[in-house]
Each structure stands twice: as structure tokens, then as C-alpha cells.
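> Below are the sequence and a predicted model; questions follow.
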Protein chains: 2
Amino acid sequence: MKEAIINSKTQATRSRGQIATRELLIKAVGTLLARQGFTSLGVNAVAKEAGVDKVLIYRYFGGLPELLRQFGSSGEFWPSVDELTGWKADALQQMPLTQSVPMVMRNYIKALRNRPLTREILAWESVERNELTKVLEEVREKVSMDLFQAVRIDSEKHPAVISISTLLAAAVNYLVIRSRTINQFNSIDIASDDVWETLEKTITTICEKCFGPENQ
Amino acid sequence: MKEAIINSKTQATRSRGQIATRELLIKAVGTLLARQGFTSLGVNAVAKEAGVDKVLIYRYFGGLPELLRQFGSSGEFWPSVDELTGWKADALQQMPLTQSVPMVMRNYIKALRNRPLTREILAWESVERNELTKVLEEVREKVSMDLFQAVRIDSEKHPAVISISTLLAAAVNYLVIRSRTINQFNSIDIASDDVWETLEKTITTICEKCFGPENQ
DNA sequence: CTCTTTAGTCACTAGCTGGTGACAGCTATG
DNA sequence: CATAGCTGTCACCAGCTAGTGACTAAAGAG
């Protein structure tokens, strides 16, 4: 009888195929991150979510780190240069910095606020380094470099632009991460759309004042 | 023989007193946070660090949350209004915003960079809410309110000041948190003193441009 | 047909976690 | 002196974690 149970179970899920299993596992990482956050992510949880035995994580990936790495490389968790420029990199080059930088920041905010998964990884990245956050770091650094190139910003010629946009991006990251768990910061409600609109306007103001014609 | 060992052990550490034990435990939380970070903080680790049995955490505090709360209330983890104003709140009131805001930000950065424990709690706060971070939240919100009052900033009259300083504080928080685990952000090294000096200068520039006479 | 490889399940280990019950020794109070 | 209360140690529980070895079933190769 015991064998019968085992047999039926075995045949029901057998031979899904290695590739399919790998995909199941990779997908499960994303599902779990989005639903439970990074604190509950482990081999047991991932295997259970994928409906697969955890031993396959070791057999196919050698362990969780490599699975995380492949998950990180598997999708578009970070906004691309195209998304940040609104698919108008050419037009952006012609614009003055007073317009192009705020526009990129606006797209950046929109991208982060619309991607729960990216928000989660961003939070993870700020407190821990692992194979997943390392991959994301690389992607992010590359995107920011490409972006500066796309809008023709030279770090030699525009040191202030780098500094200011670094500050603005850091601020956005913090507020996005923070809004995951609590809404209050400096007595403003960082979960409300209105506040984000105000912040976007403030960013625009900063750029206009700092990159305006009198500064060229 | 077994009894003899127990007895000697028992007598060696006996009757330290409840108050002393409570202090040991509270202190151990701080030591552990500074040394290992918040991820490894639990009843077992705290008790071990304090050299005390973990059951006493439950007996004297009812559990870890209350111990954390009392730890949070036990010291000056967050910079005070005095520290942020450089003990010169009066002088700050006379200054234009172009000078006072950067000065406060400078003191804020200095305070955070000099307090590993506060940095750790700040990181914790950004990803999780618990009794400790709740206490710190309250303190922080109160300090920021008091600060605005101390330098006579009215949220009705100076909405831009609130927005901009919120952004700047958020940016500083992010970079400080991030520098715990990795030094690279936007291709700059956020562990180096030079970079922080540049960032301080950038903050000053932003304030001068945004709060300058032409904006009054 | 036989032998090997692949895919998958299950059962187990060791070590950690938070939490509790039973006990021992000291001390103050009646 | 006896008893009750406080302070502390120890041993244990259940539940979780990462990781491994032994097994079965099927498919493919000779």
C-alpha cells in the first residue's frame, strides 16, 4: 500500500524536465519575494512555493546563492535606460539639464513605485549583500553609467550634476524603501500620491535652480 | 560531583540583583547590535552576550520586544536638537536659510557617521518595524518637529523648506545605511571622507540656490 | 534485454530558534 | 525555626533551518 501511494505520487509529477523545474524554481523566488518579502526567503520556502523538492535546488543550482543569481539575471527588475529616458534618449540630449534630469527622476520614481519586486530587492540591497543584490548592483551601476552617457553628461565637465542626481536618487530610494513598512517620515505621508507629486515638483525646482542658465 | 559543579557555578553568579541583570541585558542589546548587526539579534544571542540565562528576559521584560523598547529609551541614539543646531539654536534663528539648513545637515551627517549603533538601527528601521524602531521613530519625528520650531520654520509659510530638507535627510539616511555594507553607489565611493565633503558642499549649493534672496 | 543516466520523492541529520517547567539556593518575613 | 518569595540555572520542547543519502521510476543506449 505504501508503494502504491508512492507510485501514484511519483507518476503524477514525474519527468517535468530539468529546464521546466529550473524555471519553476526561479519563478518561485520572484513570487515569494513579492508576497512575503526577503526575510522569509530560504531553500525550504522556495521549494515549497515551486511545488518541488528542495534537493533539486542543490542539484540544479548548487545552492540558493546561484539560484538567486540566475533569478537576478532572469528579468527586468531594474528600470532600463530606455524606461528612464522615456524611450526618448535623443530628445533628452537636446534638452537643458533643467528639464532632462527632472524627467529622468520622474520616470525613475514611477518605475520604482510600480515594481513591488524591485522595491523589495532595493530594501534587501540596502541591508545585505548576497548573490542577488550583487547582480542587481552591477546592473544598476551599468544603467547609471549608460544613462549619463545617453544624456551626454560628462563626469569631468558636470561634477555637480553627478553629485546632485546621486543625492536625489538616494533620497528616492530611501523613501521608496521606507514606504514599504511605514508611511510617516518627517511628518509627511510618503504613501500618498499627492506627496510624491510634491516631491517630484521639489526635485524639478532643485534642478531648475541648480542647473539654470546662470550656472552655466 | 555534579551537584558540586552546579553549586560552585550557582554561587559564583548568584544574586547579582534584578536591576543589575536588567542593565546587563539592556547593555548586551547595544553591544550585539554594534558588533553583529540586527540580523543576529535574538533572545538566545542577547542572553549569551549578557552572560545571563534567557529565561530572565521573559521574567523581567516579558519578552524581547519590551527589552528592545527599554533599550531604545535608555540612551541617546538619535542626535538631539542641540546637537543638530550645534548648541546654537538662537544664532541659527538669525541666520538665513541658506546657512542654517546646510549647517544642520552637516551636523546631522556628522552625528550619523559617528554613531555605528544609530546607523545600525536606522538600517533596521528602514526594513522592519519593531518595538525598538517604533521608539526611535517617535523620537526622530519629535526631534524634527522641535528642530523646525527651534529654527522658526513654519510648515505653512515655508512648504519648500520642508520638502527639500526631507529629501536631503532621506538622501543622507540612504547613503549612510548603504555604506554599512557596500561602498559603491552611482559610481562614487560613499565610504570616503572626501566624497562626504563633496556631498556636504552639494547640499550647501542646493540650499543657496533654493533658499537664496531671489526666492524670498 | 541489460546497463546507465536522469528526474524526482522521502527520510533523516545537525543545529538553530523562541519559549517553558522544574528545581536550587539565598533572604527576608512571620 | 519555618515558610514564602526572589534570583538564578538547567533541561527540555516544538518548530524551523540548511543540507545529504538512499531510494524509485522512467527513458535512452549498447
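Sure, I can see it.
> C-alpha only now, for contacts and for neighbours.
Fine.
> What is the neighbour count of the residue of chain A at minimum distance from DNA strand D?
Of all residues in chain A, residue A:42 sits closest to DNA strand D, at 3.2 Å by CA to the nearest atom of the strand. Counted with other CA atoms under 10 Å in any protein chain shown, the neighbours of residue A:42 add up to 14.
> Which of the three states applies to residue A:182?
Following DSSP: H, G, I helix; E, B strand; the rest coil, the label given to residue A:182 is coil.
> Could you check how far the most centrally placed residue in chain A is from chain B?
Taking CA atoms, centre = their mean, the centroid of chain A lies closest to residue A:118, which sits 3.0 Å from it. According to CA to the nearest CA, to the nearest Å, residue A:118 stands 14 Å off from chain B.
> give the contact list for the nearest residue to the residue of chain A closest to DNA strand D once chain neighbours are set aside.
Counting by CA to CA, 6 or more residues apart in numbering or on different chains, residue A:42 lies nearest to residue A:64, which is 7.4 Å off, once chain neighbours are set aside. Neighbouring residues of residue A:64 by CA atoms under 8 Å, 6 or more residues apart in numbering or on different chains: A:42, A:43, A:57, A:58.
> and the next element down the chain from the worst-scoring helix or strand of chain A on mean pLDDT?
Lowest on mean pLDDT, DSSP states H and E among the helices and strands of chain A sits helix A:2-13, with a mean of 37. The first helix or strand that comes after helix A:2-13 along the chain, using DSSP states H and E, is helix A:18-36.
> Output that following helix as CSV, nothing but the C-alphas.
The C-alpha trace of helix A:18-36 is given here as CSV (Å, rounded to 0.1, in the frame of the first residue of the first chain):
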residue,chain,number,x,y,z
GLN,A,18,15.1,19.8,-15.7
ILE,A,19,14.6,23.0,-17.6
ALA,A,20,10.9,23.3,-16.6
THR,A,21,11.9,22.6,-12.9
ARG,A,22,14.6,25.3,-13.0
GLU,A,23,12.1,27.8,-14.4
LEU,A,24,9.6,26.8,-11.7
LEU,A,25,12.2,27.5,-9.0
ILE,A,26,13.4,30.8,-10.5
LYS,A,27,9.8,31.9,-10.8
ALA,A,28,9.1,30.8,-7.2
VAL,A,29,11.8,33.2,-5.9
GLY,A,30,10.0,36.1,-7.5
THR,A,31,6.6,35.1,-6.3
LEU,A,32,7.9,34.6,-2.8
LEU,A,33,9.8,37.9,-2.7
ALA,A,34,6.8,39.8,-3.8
ARG,A,35,4.4,38.1,-1.4
GLN,A,36,6.5,37.5,1.7
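> Report the angle between the following helix or strand past it and helix A:18-36.
Note on helix A:18-36: by DSSP H and E, the next helix or strand toward the C-terminus is helix A:43-50. Interaxial angle, helix A:43-50 versus helix A:18-36 (axes from the mean of the first three to the mean of the last three CA atoms, to 10 degrees): 110 degrees.
> Pull the distance from helix A:43-50 to the chain's centre.
Distance of helix A:43-50 from the chain centroid (CA atoms, centre = their mean, to the nearest Å) equals 22 Å.
> Can you give me the buried ones in that helix?
By neighbour count on 16 or more other CA atoms under 10 Å in any protein chain shown, the buried set for helix A:43-50 is A:43, A:46, A:47, A:49, A:50.
> can you tell me if it touches DNA strand C.
No. In terms of CA under 7 Å from any atom of the strand, no part of helix A:43-50 sits within range of DNA strand C; the closest distance is 8.9 Å.
> other SSEs contacting that helix?
helix A:18-36 (3 or more CA pairs under 8 Å, 6 or more residues apart in numbering or on different chains; DSSP states H and E).
> pLDDT (mean, whole number) over the helix it packs on?
Helix A:18-36 shows a mean pLDDT of 96.
> Ok, stretch A:97-104 next?
Mean predicted confidence for stretch A:97-104 is 95.
> Name the residues that touch it?
Against stretch A:97-104 from outside (CA under 8 Å, 6+ apart): A:84-86, A:92-93, A:151, A:165, A:200, A:203-204, A:207-208, A:211-212.
> The same query, at a cut-off of 7 Å, please.
A:84, A:85, A:92, A:203, A:204, A:207, A:208, A:211, A:212 (CA atoms under 7 Å, 6 or more residues apart in numbering or on different chains).
> Likewise for stretch A:205-216?
Under CA under 7 Å, 6+ apart, the answer for stretch A:205-216 is A:97, A:98, A:102, B:206, B:209, B:210.
> Just to be sure, the second one is in a helix?
Yes. With three-state DSSP as the criterion, residue A:98 is located in a helix.
> if I look at it, how far off is residue A:150?
16 Å (CA to CA, to the nearest Å).
> hmm, back to that, would JSON lines of the buried residues of helix A:43-50 with distance to residue B:77 and pLDDT be doable?
Below are these laid out as JSON lines (distance: CA to CA, whole Å; pLDDT from 0 to 100):
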{"residue": "A:43", "distance to residue B:77": "36", "pLDDT": "98"}
{"residue": "A:46", "distance to residue B:77": "37", "pLDDT": "98"}
{"residue": "A:47", "distance to residue B:77": "41", "pLDDT": "98"}
{"residue": "A:49", "distance to residue B:77": "40", "pLDDT": "97"}
{"residue": "A:50", "distance to residue B:77": "43", "pLDDT": "97"}
